[in-house]
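Participant: Provided below for reference: sequence and predicted model.
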Amino acid sequence: MELSVASIDTTALTKAQLAELLFDQIGLNKREAKDMVDAFYAVIAARLAAGEEVKISGFGNFQVRTKAPRPGRNPRTGELIPIEARRVTTFHASAKLKELVQDGAAPAKPL
């Protein structure tokens, strides 16, 4: 089964649009489609919040990095301001995704 996002005419793909695609192309009812998308996002967010890496085969890896504290500067006044340590999420695209983006073509089959 191949999903098509050609009907989406905005630059951002929203959760509501993903649910609509599941409804239109797979046949789930709207409530099931919304619940599935919400559950998918919740699982990813929970794993990242726990400091775990999330790998989606053929798409990429989400990781949590801890950035060390560092000195910063207020651009307006030039005053030194300490920037506290923080955790950030990073994403690294898989080779398959990088190739698709480079080619600029839709995948012939699902990733």
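Facilitator: Received it, and whenever you're ready, just let me know what you need.
Participant: Can you verify my assumption that Leu48 contacts Lys55?
Facilitator: No. The criterion here is C-beta atoms under 8 Å, and Leu48 misses it with Lys55 at 11.8 Å. Every C-beta, even on glycine, is put in place using the N, C-alpha and C of the backbone.
Participant: The closest residue to Gly72 other than its chain neighbours and Ser57: what is the separation?
Facilitator: Nearest residue to Gly72, sequence neighbours excluded (C-beta to C-beta, 6 or more residues apart in numbering): Ile83, at 4.3 Å. To Ser57, Ile83 is 35 Å away according to C-beta to C-beta, to the nearest Å.
Participant: Please identify which of the two sits among more neighbours.
Facilitator: Of the pair Ile83 and Ser57, Ile83 is the one with more neighbours under other C-beta atoms under 10 Å, namely 12 against 9.
Participant: Pro75 and Arg86, how far apart?
Facilitator: Separation of Pro75 from Arg86 (C-beta to C-beta) stands at 19 Å.
Participant: If you count surrounding residues, which of those two has more?
Facilitator: Arg86 (10 against 7).
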